[in-house]
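Colleague: Predicted model, plus sequence, below.
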Amino acid sequence: MAPKDETPSDPITVAEVKEIAKTKLNQPTWDYYTTGADENRTLDRNSKIYKKLLLRPRALRNVADVDTSAYIFGKRYEIPIAIAPSAYQKLVGPGGEIDMTRASYTLGTNFTLSSNATTSLEDVMAALPPRDAKYPAPWFQLYFLRSREQTKAVIKRAEEAGYEALVLTVDTAVLGNRLGERKKPLVLPPGLSTANRASRQAGGVSKGRLLLNAKTAAEAKKVDQENGDFLVDRSLEWGEVIPWLRMQTSMKILVKGIMTAEDALEAMVAGVDGIVVSNHGGRQLDGVPSTLEMLPEIADVVKGRIPVVFDGGISTGSDVFKALALGADLCLIGRSALWGLAYDGQKGVEAVLHILERELWRTMVLSGASSISKISRSMVGIAKRDGFGVSKL
Ligand SMILES: Cc1cc2nc3c(=O)[nH]c(=O)nc-3n(C[C@H](O)[C@H](O)[C@H](O)COP(=O)(O)O)c2cc1C
Ligand SMILES: CC(C)CC(=O)C(=O)O
């Protein structure tokens with residue numbers, strides 16, 4: 001069935017939702033959400049690439065019924081679009097992470113909770129009504145701390161609370177060089193804290209960020225000595241960390257931040273259950289390609305053996321279509337979901353997901369793909385002098 005249209009007074013694109021969000025967010029929060037690293041080259045490239053990639057539709061393919069559902073780890077997603085982990089969602093309003101996760105639930109999809117969430121992982125889970133077992137439970141994103149004890153404790157909490165998967169972020173050994181934030185570090189307002197530190201009194205967001213943003217080596221050393229256990233462990237390696245995680249938990253394990261075919265292979269050899277192709281929304285290493293550019297080479301080595309989750313720059317349903325065509329099994333939205341949250345809490349996030357659902361559905365109808373599995377690489381390409389293809393985006 002065709003998704004229902006918005007009422008005429010509602011925003012009908014994510015770009016419109018973003019405009020409204022801008023009027024609702026205070027300056028530091030807007031700056032934190034929109035930032036990229038260094039010169040924003042990767043941030044810009046992530047979204048511009050979708051305009052470069054064109055659609056190559058097929059006609060007369062019976063699109064009377066178009067089904068947007070997908071299956072990941074055997075669980076049903078009504079749309080192949082879920083919500084990426086992003087820190088400090090209560091900066092937007094008291095609903096924060098709970099509004100996000102409830103919206104994903106309503107749309108029949110899923111949510112990944114950030115390690116640096118402002119709501120405890122138990123409270124997020126408790127905010128969801130019971131769900132049919134054919135649907136997924138939320139995933140938990142992990143920043144692996146230098147203290148194995150602390151890392152172990154938070155994994156245990158996530159497992160006990162019923163999270164389905166652990167998403168280890170591997171692109172943030174140190175914070176990217178976010179120029180605005182360095183001049184004006186984000187300070188969490190009173191009353192907000194990171195609720196998923198295993199030992200809460202150690203807290204440490206502001207201290208952690210201070211180290212990552214430290215102006216002098218001496219300043220960094222001081223914070224490191226005081227709070228080092230709560231910083232990301234930079235000594236991790238594939239062959240050790242994935243088996244270690246496996247010993248701690250029976251949750252699925254994904255790694256987030258894969259940008260090369262080589263790392264996709266490393267991840268599979270190490271035994272992960274899935275990967276997330278991501279450059280952290282252009283907030284980490286500036287100068288890397290867009291995620292869409294790297295997706296084909298990664299999908300080609302994965303060969304369907306494990307799910308390829310994808311994020312970066314998605315703001316329309318046709319962006320989702322293009323990522324699926326190039327090999328993604330599931331797309332995540334980071335900032336687009338945050339704009340929805342700022343626009344109207346849970347309802348705003350639902351509005352964003354509905355917009356993307358409608359746009360994806362329409363793109364599928366007009367491209368001749370009646371199900372996700374019928375979206376093929378031949379349905380996208382770029383115009384080149386010698387033909388049409390995706391080899392060089
Ligand atoms: C404000 C903000 C905070 C984020 N916090 C986290 C985080 O805590 N952990 C993480 O793995 N990724 C984090 N990310 C990265 C997202 O999970 C995702 O990779 C990225 O936002 C995708 O790009 P998009 O915003 O263009 O959709 C954050 C992104 C943003 C915009
Ligand atoms: C606490 C930060 C490291 C969260 C994050 O991943 C981000 O701001 O991109």
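Modeller: Good, I have the coordinates. Ligands and ions are numbered 1, 2, ... in the order given.
Colleague: Tell me which residues touch the residue of the chain found nearest ligand 2, please.
Modeller: Closest contact between the chain and ligand 2, by Cβ to the nearest ligand atom, is at Ala87 (3.7 Å). All C-beta spots, glycine's among them, are computed from the backbone N, C-alpha and C. Contact partners of Ala87, counting by Cβ atoms under 8 Å, 6 or more residues apart in numbering, are Ser114, Ser115, Asn116, Ala117, Thr194.
Colleague: just checking, which of the residues you listed belong to helices?
Modeller: Among the contacts of Ala87, DSSP state H puts none in helices.
Colleague: quick one: the helices in the stretch 101-250 of the chain?
Modeller: Using DSSP state H, counting those that start in this stretch, the helices found in the stretch 101-250 of the chain span residues 121-126, 148-161, 179-183, 205-212, 217-227, 238-248.
Colleague: JSON lines please, covering those and showing distance to ligand 2, mean pLDDT and mean neighbour count.
Modeller: JSON lines is the format used below for these (distance: least, Cβ to the nearest ligand atom, whole Å; pLDDT from 0 to 100; neighbours: other Cβ atoms under 10 Å):
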{"stretch": "helix 121-126", "distance to ligand 2": "16", "mean pLDDT": "98", "mean neighbour count": "18"}
{"stretch": "helix 148-161", "distance to ligand 2": "14", "mean pLDDT": "97", "mean neighbour count": "17"}
{"stretch": "helix 179-183", "distance to ligand 2": "8", "mean pLDDT": "92", "mean neighbour count": "14"}
{"stretch": "helix 205-212", "distance to ligand 2": "7", "mean pLDDT": "44", "mean neighbour count": "19"}
{"stretch": "helix 217-227", "distance to ligand 2": "14", "mean pLDDT": "68", "mean neighbour count": "14"}
{"stretch": "helix 238-248", "distance to ligand 2": "18", "mean pLDDT": "98", "mean neighbour count": "15"}
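Colleague: Can you tell me which residues in the stretch 251-393 of the chain are near ligand 2?
Modeller: Counting by Cβ under 6 Å from any ligand atom, the stretch 251-393 of the chain comes close to ligand 2 at His280, Arg283.
Colleague: interface residues of the stretch 251-393 of the chain facing ligand 1?
Modeller: 256, 278, 280-281, 283, 311-314, 333-336.
Colleague: 8 Å instead?
Modeller: 256-257, 276, 278-283, 291, 311-315, 332-338 (Cβ under 8 Å from any ligand atom).
Colleague: follow-up on the earlier one: state the distance from the residue of the chain closest to ligand 2 to Ser47.
Modeller: Distance, Ala87 to Ser47, by Cβ to Cβ, to the nearest Å: 21 Å.
Colleague: Repeat that for Ile333.
Modeller: 12 Å.
Colleague: Between those two, which contacts overlap?
Modeller: Ser315.
Colleague: can you list the weak-confidence ranges in the stretch 201-350 of the chain?
Modeller: Along the stretch 201-350 of the chain, the parts satisfying pLDDT under 70 run over 201-217, 219-220, 222-226.
Colleague: where along it do the strands fall?
Modeller: 252-258, 274-277, 308-311, 330-333 (DSSP state E, counting those that start in this stretch).
Colleague: re earlier: settle it for me: which of Ile333 and Ser47 has more neighbours?
Modeller: Ile333 (27 against 19; other Cβ atoms under 10 Å).
Colleague: top of the contacts of Ala87 by neighbour count?
Modeller: Most neighbours among those, by other Cβ under 10 Å: Ala117, with 27 neighbours.
Colleague: The stretch 251-393 of the chain: helices as residue ranges?
Modeller: Going by DSSP H, counting those that start in this stretch, the stretch 251-393 of the chain shows helices at 261-270, 291-302, 317-325, 335-367.
Colleague: List just the one of the strands of the stretch 201-350 of the chain that sits closest to Arg182.
Modeller: strand 252-258 (21.4 Å; Cβ to Cβ).
Colleague: what helices or strands is the closest one leaning on?
Modeller: strand 139-142, strand 165-169, helix 238-248, helix 261-270, strand 274-277 (3 or more Cβ pairs under 8 Å, 6 or more residues apart in numbering; DSSP states H and E).
Colleague: Just put these in TSV and tack on distance to Gly96.
Modeller: TSV is the format used below for the helices and strands packed on strand 252-258 (distance: least, Cβ to Cβ, whole Å):
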stretch	distance to Gly96
strand 139-142	15
strand 165-169	19
helix 238-248	27
helix 261-270	31
strand 274-277	22
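Colleague: Can you tell me which of those is nearest to Lys384?
Modeller: Comparing these under Cβ to Cβ, the one sitting nearest is helix 261-270, at 22.1 Å.
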